[in-house]
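Participant: dropping the sequence and predicted coords here.
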Amino acid sequence: MHIVVCVKQVPDTKIIKINPKTNTLDRRSAPAILNPYDAHAVQEAVKIKKMIGEGTISVLSMGPPQATAVIKKSIEIGADRGYLISDRAFAGADTLATSYALSKALERISKEQKIDLVICGLHAIDGDTGQVGPGIARRLDIPPITNVIEVTEFNKKEKTVLLKRKIANGYQLIEAQYPCLLTVGKEINEIEYSPMPNMIKAARYEPIIWTVNDLENVDRPQLGLKGSPTIVGKMFTPPKPEGGKKLDGNADEQVAQLIALLEDKKELLFANH
C-alpha cells in the first residue's frame, strides 16, 4: 500500500495581517506552518498504515525551498519520505495550475512506486477553496471522495475502501475502488504526539527536491501565473461587527425602542424575501 499525502506550507492566519496599501496578505507578518487540515491528512495516512499492517507514506508539496519544513513536520508525524517540487515556473499558481503541477509530480512518483491512495486536506487555511484535491483527481482520472470523516475498512483483495463522508444534511457511507483520492477534515482524527524517533528522523531528513525539468510531459503554459485564470481583484479585512444596543426605560419604552430598531433594519431582515 502506497499512500501519498499532498501538503502545503501556509501562513498562520491567526496572526497574519493584510497590507493596507496592496490589499494582499503580508506573509512576512506571520510564521509559515503546515496547513492544519494537511496535518490531519498525514495523521490519517499513519492510521491507515497501522490498520493495514504495512505500507509506505509519501508526502508531496509545491513551494519555495523553505517549504521543506512542512515535509519535515510530516515526517515527524509519521510519513516515510517526502517530495518537494520547487521552481520559479510554479510561482503565482492558482488552484488550477497547482493541481496540474502536483498531478505531474504524482505521475513521476507513481513510476517509482505505484500509488494506491492520495489524501489531501479539505482545504488550505490561506485560500479556503477546497479545489486542489478534486482537481488532482480529475487530472489523474481517479475518483475523488471529499469531506471524509472516517476511513472504516480496506479490502486489499477487492481493492476497495469503506468511507464515511459528511454532507450538508447528514452522512454518506461509500465503498470506493482504489486508487482514489480523499479530502479530509479535522474531525477525522486527533494529531498524536510524535515519538522521539520520528522527531530525530525529521530533523535529519532531507526531502527529494524536483524542478520542472524533473517532471515528464509538462505543458509549461499550464504552470504558474500563465496557467492561472483566477485573478484576485482585492482582499480586505471585514468590518468589525457593531456592539449591541442597550434598551433603557420601562418595559413599554423598551418595546417601543425595539420596534423602532426593527423598523430601521427591515431592509436587512427581509433582504432575501
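Facilitator: That came through fine.

Participant: surely residue 173 forms part of a strand?
Facilitator: Yes - counting by DSSP: H, G, I helix; E, B strand; the rest coil, residue 173 is part of a strand.

Participant: what's around the closest residue to residue 127 other than its chain neighbours, how many residues?
Facilitator: The shortest distance from residue 127 to any residue other than its chain neighbours is 7.2 Å, reached at residue 95 (C-beta to C-beta, 6 or more residues apart in numbering). For the C-beta atoms, the positions are set from N, CA and C on the backbone; glycine is no exception. By other C-beta atoms under 10 Å, the residues close to residue 95 number 19.

Participant: residues contacting residue 95?
Facilitator: Residues in contact with residue 95 (C-beta atoms under 8 Å, 6 or more residues apart in numbering) are 127, 129, 131-132, 135, 230.

Participant: next: residue 220.
Facilitator: Here residue 220 is in contact with 89, 212, 226 (criterion: C-beta under 8 Å, 6+ apart).

Participant: give the rounded mean pLDDT of the helix or strand hosting residue 103.
Facilitator: Using DSSP states H and E, residue 103 maps to helix 95-112. Helix 95-112 shows a mean pLDDT of 96.

Participant: over to stretch 138-150?
Facilitator: Mean predicted confidence for stretch 138-150 is 96.

Participant: need the strands for this protein, in chain order.
Facilitator: 2-6, 9-11, 17-18, 25-26, 32-34, 56-62, 81-85, 117-121, 144-155, 160-167, 170-177, 180-184, 208-210 (DSSP state E).

Participant: would you list the ones you listed in TSV and tack on mean neighbour count and distance to residue 257?
Facilitator: Putting the strands of the chain into TSV (neighbours: other C-beta atoms under 10 Å; distance: least, C-beta to C-beta, whole Å) gives the following:
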stretch	mean neighbour count	distance to residue 257
strand 2-6	26	55
strand 9-11	22	44
strand 17-18	14	37
strand 25-26	16	42
strand 32-34	20	47
strand 56-62	24	56
strand 81-85	22	61
strand 117-121	28	48
strand 144-155	17	45
strand 160-167	17	43
strand 170-177	12	42
strand 180-184	26	49
strand 208-210	17	65
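
Participant: tabulate these (JSON lines), appending distance to residue 250.
Facilitator: JSON lines is the format used below for the strands of the chain (distance: least, C-beta to C-beta, whole Å):
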{"stretch": "strand 2-6", "distance to residue 250": "62"}
{"stretch": "strand 9-11", "distance to residue 250": "52"}
{"stretch": "strand 17-18", "distance to residue 250": "46"}
{"stretch": "strand 25-26", "distance to residue 250": "51"}
{"stretch": "strand 32-34", "distance to residue 250": "54"}
{"stretch": "strand 56-62", "distance to residue 250": "64"}
{"stretch": "strand 81-85", "distance to residue 250": "69"}
{"stretch": "strand 117-121", "distance to residue 250": "55"}
{"stretch": "strand 144-155", "distance to residue 250": "51"}
{"stretch": "strand 160-167", "distance to residue 250": "49"}
{"stretch": "strand 170-177", "distance to residue 250": "48"}
{"stretch": "strand 180-184", "distance to residue 250": "55"}
{"stretch": "strand 208-210", "distance to residue 250": "73"}
